[in-house]
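> Next comes the sequence, and after it the predicted model I'd like to discuss.
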Amino acid sequence: MTKGALLYEGKAKKVFAADDPEYLIVCYKDDATAFNGLKKGTIVGKGIINNKMSNLLMQRLEQAGIPTHFVKELSERETLVKCVSIVPLEVIVRNIAAGSFSKRYGVEEGIAFESPTIEFSYKNDDLGDPLMDEYHARAMKFASAEEIELIKKYAFGINTLLKEFWAECGVILVDFKLEFGRLPDGSIILADEISPDTCRLWDSQTGEKLDKDRFRRDLGGVEDAYSEVMRRLLEKI
Ligand code: UDP
């Protein structure tokens, strides 16, 4: 599959056309942004790690019955994926209070929930990705009631699978963001990426942050944290 025209450049990835319009080629960059693009930087080697990690995790999810956009890893930074029309919702699953949840409700980071939570935000940078409930998502015609139920089922299923897997790696899956897309036949599949950019991952023993919060909060050791979670994943996968 050869790379065609650059169709879109996002904050962390470039998307190219493929020979076949059913597919796209995603290229992972080392660019990092936070706070809706206000903070910018580079995490050296991040693109390589995120590409590989996301692909390995998506293949694992596929084996467990979750449909994903993953087709084939083409190179260190490039992956062939199914072309979907993205449902403009960020789907966030949480096991432990952190980040915007802690801020919004004034609760300490690190409080474990009895059962996981789910929330949606409208994927719109100009509006700052505002929270959106299911009724509003339906009113905006982003997804039908049935599709929202399916997205929730997939998201909680993914949480169970990933939480167990990361636990084997000595890592706590605190929270993560997913994006889903629609194939031409209307079916919903997991798209985007699963990586330390989109998940909060804490060391099970020490609670050390092994994810993008090291960049967001200027904690240092960003590259080392990404390499460490990748190393642990490769040991167990
Ligand atoms: N997240 C993401 N992209 C976003 C917003 C959140 O990947 O645009 C991920 C983030 O890495 C974390 C989870 O979703 O794992 C929950 O993020 P939260 O709502 O706490 O927002 P934040 O504190 O990152 O602003």
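Received it, and whenever you're ready, just let me know what you need. Numbering: from 1, shown residues only.
> Stretch 97-114 vs the ligand: in contact?
Yes. For stretch 97-114, a contact with the ligand is found by Cβ under 6 Å from any ligand atom, at 98-101. From N, CA and C alone the C-beta is placed, and that goes for glycine too.
> Next, the distance between the ends of that stretch.
Using Cα to Cα, to the nearest Å, the end-to-end distance of stretch 97-114 comes to 11 Å.
> Can you give me the buried ones in it?
97-98, 101, 109 (16 or more other Cβ atoms under 10 Å).
> Distance from the chain centre to that stretch, please.
19 Å (Cα atoms, centre = their mean, to the nearest Å).
> List of residues touching that stretch?
Stretch 97-114 has contacts (Cβ atoms under 8 Å, 6 or more residues apart in numbering) with 94-96, 117, 174-175, 200, 207, 213.
> ditto for stretch 29-37
Contacts of stretch 29-37 (Cβ under 8 Å, 6+ apart): 11-14, 39-47, 77, 125, 128-129, 197, 212, 215-216, 222.
> Among those, name the buried ones.
Here, 16+ other Cβ under 10 Å leaves 12-14, 43, 46-47, 77, 129, 197, 212, 215-216, 222 buried among the contacts of stretch 29-37.
> What are the boundaries of the helices in this structure?
46-63, 99-105, 134-139, 145-168, 213-216, 222-236 (DSSP state H).
> Switch those helices over to CSV; also include mean pLDDT.
As requested, these are exported to CSV (pLDDT from 0 to 100):
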stretch, mean pLDDT
helix 46-63, 98
helix 99-105, 98
helix 134-139, 98
helix 145-168, 98
helix 213-216, 98
helix 222-236, 98
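> would JSON lines of these with distance to Ile86 be doable?
JSON lines is the format used below for those (distance: least, Cβ to Cβ, whole Å):
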{"stretch": "helix 46-63", "distance to Ile86": "16"}
{"stretch": "helix 99-105", "distance to Ile86": "21"}
{"stretch": "helix 134-139", "distance to Ile86": "13"}
{"stretch": "helix 145-168", "distance to Ile86": "12"}
{"stretch": "helix 213-216", "distance to Ile86": "24"}
{"stretch": "helix 222-236", "distance to Ile86": "25"}
